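Student: Quick one, fold the following:
(one chain, ligands or ions: 2)
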Amino acid sequence: SDVLLEVRGLTVEYAGATGAVRACADVTFDLQRGEILGVVGESGSGKSTLITALTRLQRPPAVTTAGSVVYHPREGGAGIDLVQLSPRRLRGLRWTRLSIVLQSAMDALNPVTRVGEQFVDVLRTHDRSMSRAAAWEEARRLLGLVGISADRARSFPHELSGGMRQRATIALALACRPELVVMDEPTTAVDVVMQRQILAQVLRLRRELGFAVVFVTHDLSLLLELADRIAVMYAGRIVELAASREIYRSPLHPYTQGLRDSFPPLHAPIQRLEGIPGTPPDLRLLPAGCPFAPRCPHAFDRCRSELPQLTPHGERSVACHLREPEEVGS
Ligand code: SF4
Ligand code: MG
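Tutor: Ligands and ions are numbered 1, 2, ... in the order given. So this is what the prediction gives:
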C-alpha cells in the first residue's frame, strides 16, 4: 500500500513530582507516502511532543510509554517500529529516511563551519563513495533548490539571514533524499511571510522529490493553504483528522469549528485563538470525560463522564460524542 507511517496508540508521558502527565495520549493515524500532514493546536496541545516522539527525539523526562510508529521503507519488506528500534539502527535511518527540522532549526547549523562544508559532511557520511568535489557540487545544488545562491555555500551561518538559515537547514534535511521530513514551526525569528515562503518552497520540492511532511504549527490558516490533511490536537489527543478542505468547509469537532472561525483571513496577521473562550486545560488536572467540555458550547451530560474516542466518520475521523452513535443500552 501507499502507507509510509502507521502510528498506533502513541502515548508520551512526562514524569513529574505529582505523577506522570500525558502530553500525548493514544495518538493514532496513517501517513501516506508523499503526503503533507499538518498538525495544529494551541501551545501545550502536545503537537511538538508528538513529532519529537514520532522520530524518537524526545528527551527525559518525556518518555514514550505506549504505542508504535511503524515505518514502511520505499523498497518494501517488513515495516520497522521506530519506537522499538535500537539507537544504532535509528541513527542509520536519520537523514537518509527520516529528517527532522525542529523549532530551533537555525541552531542546527554549526556556527564555526562553512554552510557548504556541513552539507559535504552529511553527504559523505551517508555515501562514502562520494568525492569531496562532488559533495560540494551537490551542496551548491541543494542550496539552489531552496533559493540560496551557490556562492553562499562558502558563508558561515551567521553571515546568512534568519530566513536563509532556515532554508539551508531544510535543504540539509533533504540532502540524503529522505522519505519523511518532520518540521516544527520555525521560531519567531522567522516572520510569518517568510514562514509561508519557506513552506511553499518545501511543497514545491515535495512534488519533485516525493517525500512526505509532518508539519506542526498553531497557524491553521497556513495549513489550510498548504497541507493535504490536518490533524487537530487538543490536550494531547487528536480530536479531528480530515482533508484540509473538509476542515475549512465543514469541521465536525466543536474545537475545530472554533479554530476555523477564529483564524484570520488568509494573509492577514496571525492572531491568537480569540474565537474560543477559555484556555487549554492543565494536563495535570484534566476533567473526567471530554477534555474540551469546559469550553464546549455543545457539551451535554455524557461529555462530562465519558472520553470520546477518535472514530471514523466517512473519510475522516473525529472524537466527539455529538458525532458518534449512542451506545446500545447506555
Ligand atoms: Fe463538546 Fe461533548 Fe463533543 Fe467534547 S464530546 S467536543 S464536550 S460535544
Ligand atoms: Mg511547540
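Student: Show me what from the stretch 101-250 of the chain comes close to ligand 1.
Tutor: Of all the residues in the stretch 101-250 of the chain, not one is in contact range of ligand 1 (CB under 6 Å from any ligand atom). (Each C-beta comes from the backbone N, C-alpha and C, glycine too.)
Student: Which stretches in the stretch 101-250 of the chain count as helices?
Tutor: If DSSP state H, counting those that start in this stretch is used as the criterion, the helices of the stretch 101-250 of the chain fall at 115-126, 132-145, 162-174, 192-209, 220-226, 244-249.
Student: Beyond the shortest one, next helix or strand please.
Tutor: If I follow you right, that is helix 244-249. Using DSSP states H and E, the helix or strand that follows helix 244-249 towards the C-terminus is helix 254-262.
Student: Show me the shaky parts of the stretch 51-200 of the chain.
Tutor: Filtered on pLDDT under 70, the stretch 51-200 of the chain yields the residue ranges 103-107, 186-191.
Student: Now distance to R8 and mean neighbour count too, for the helices of the stretch 101-250 of the chain, in a markdown table please.
Tutor: Compiled in a markdown table, the helices of the stretch 101-250 of the chain are given as follows (distance: least, CB to CB, whole Å; neighbours: other CB atoms under 10 Å):
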| stretch | distance to R8 | mean neighbour count |
| --- | --- | --- |
| helix 115-126 | 29 | 19 |
| helix 132-145 | 34 | 17 |
| helix 162-174 | 26 | 23 |
| helix 192-209 | 25 | 16 |
| helix 220-226 | 23 | 21 |
| helix 244-249 | 23 | 18 |
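Student: what's the closest of those to T96?
Tutor: With distances scored as CB to CB, the stretch of the helices of the stretch 101-250 of the chain nearest to T96 is helix 115-126 (5.4 Å).
Student: Tell me which other helices or strands that closest one touches.
Tutor: helix 132-145, helix 162-174 (3 or more CB pairs under 8 Å, 6 or more residues apart in numbering; DSSP states H and E).
Student: what sits against the nearest residue to A15 once chain neighbours are set aside?
Tutor: Taking CB to CB, 6 or more residues apart in numbering, and ignoring the residues beside it in sequence, A15 has P61 as its nearest neighbour in space, at 4.5 Å. Counting by CB atoms under 8 Å, 6 or more residues apart in numbering, P61 makes contact with 14-16.
Student: Relative to V115, which of those is nearest.
Tutor: The closest of the contacts of P61 to V115 turns out to be Y14 (CB to CB; 35.4 Å).
Student: Quick one: neighbours of that closest one, just the number.
Tutor: If you count neighbours by other CB atoms under 10 Å, Y14 ends up with 18.
Student: Save the contacts of P61 as CSV, and put in distance to L4 and pLDDT too.
Tutor: Rendered in CSV, the data for the contacts of P61 read as follows (distance: CB to CB, whole Å; pLDDT from 0 to 100):
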residue, distance to L4, pLDDT
Y14, 28, 91
A15, 31, 84
G16, 34, 80
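Student: Show me these that map onto strands.
Tutor: Here DSSP state E is the test, and the contacts of P61 give Y14 as lying in strands.
Student: quick one: which of the contacts of P61 is nearest ligand 1?
Tutor: Y14 (24.0 Å; CB to the nearest ligand atom).
Student: Tell me who's in contact with the closest one.
Tutor: Taking CB under 8 Å, 6+ apart, we find Y14 in contact with 20-21, 23, 61-63.
Student: cutoff 7 Å now
Tutor: With CB atoms under 7 Å, 6 or more residues apart in numbering as the criterion, the residues that contact Y14 are 20-21, 23, 61-62.
Student: Please name the bridge partners of it.
Tutor: According to DSSP bridges, V21, A62 are recorded as the beta-bridge partners of Y14.
Student: Find the closest residue to ligand 1 in the stretch 101-250 of the chain.
Tutor: The minimum distance from the stretch 101-250 of the chain to ligand 1, using CB to the nearest ligand atom, falls at V239 (7.2 Å).
Student: re the thing from before, now distance to C303 too, for the helices of the stretch 101-250 of the chain, in TSV please.
Tutor: Formatted as TSV, the entries for the helices of the stretch 101-250 of the chain read as follows, by distance: least, CB to CB, whole Å:
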stretch	distance to C303
helix 115-126	49
helix 132-145	48
helix 162-174	41
helix 192-209	35
helix 220-226	23
helix 244-249	22
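Student: quick one: low-confidence ranges for the stretch 201-330 of the chain?
Tutor: Applying pLDDT under 70 to the predicted model, the residue ranges of the stretch 201-330 of the chain that meet it are 263-275, 325-330.
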